[in-house]
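Q: got a predicted structure plus its sequence, pasted below:
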Amino acid sequence: MLKSKKDYQIKRYNDSIVYSIGRLYIFLNQYFTEIYKEFGLNPAQFNLLMLIKHFGGEKGVSQIELGDKLFVSAANITKLIDRLEKKGVARRFSSKKDRRINLIKITEKGSKLLDKVWEKHVQALNNILEGFSEVEKKEFNEFLERFKKEMRKKLDKDE
């Protein structure tokens, strides 16, 4: 319980760090939206296709797992997969073990599309981080990994 005005004060940098992470997410989303646009994809569709191809492999991956990995609700993952199916880059089918479970596989067309996008994706990543040294990137990555771990602990504690 908060006892004094001091308890309501934000510690130095806390607000700035969280705000900057949020803004950085928005900037990255805008940046990659432009990169993927020429291929008819958005960042969410690109990430979903990558997961389907590399996590699902030949046997496919369940919609539930995809939603969990992308932190997307069941309704939103369904809409994303519907759009990928309409483009012919992914297909949905029932699990042989449990027909209630939908599995998703990438199509040959989807795999070829990812191969085309990959070169631009790598160039974009390298471009974003070209002004930073390897040491800076390593330290920032370690900070972010620790930040994610601490957030996960706080979320798990609240459940």
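A: Nice, I can see it. The model shown is predicted, which means the values in this text are computed figures rather than measured ones. Numbers count the residues shown, from 1 in each chain.

Q: what comes up buried for the helix or strand bottoming out on mean pLDDT in the chain?
A: Of all helical and strand segments in the chain, the minimum by mean pLDDT, DSSP states H and E falls on helix 63-70, at a mean of 88. Buried residues in helix 63-70, counted by 16 or more other C-beta atoms under 10 Å: 63, 65-67. Every residue, glycine included, has its C-beta placed from N, CA and C.

Q: quick one, the next helix-or-strand element following it and helix 63-70 angle?
A: Note on helix 63-70: by DSSP states H and E, the next helix or strand toward the C-terminus is helix 74-87. Angle, helix 74-87 to helix 63-70, by axes from the mean of the first three to the mean of the last three C-alpha atoms, to 10 degrees: 110 degrees.

Q: residue 92 - that's part of a helix, no?
A: No. Secondary structure of residue 92 (DSSP: H, G, I helix; E, B strand; the rest coil): strand, not part of a helix.

Q: neighbours of it, how many?
A: The number of residues packed near residue 92 is 15, by other C-beta atoms under 10 Å.

Q: do the same with residue 141
A: 10.

Q: for it, pull up the helix or strand it's in.
A: The secondary structure element spanning residue 141 is helix 134-158 (assigned by DSSP H and E).
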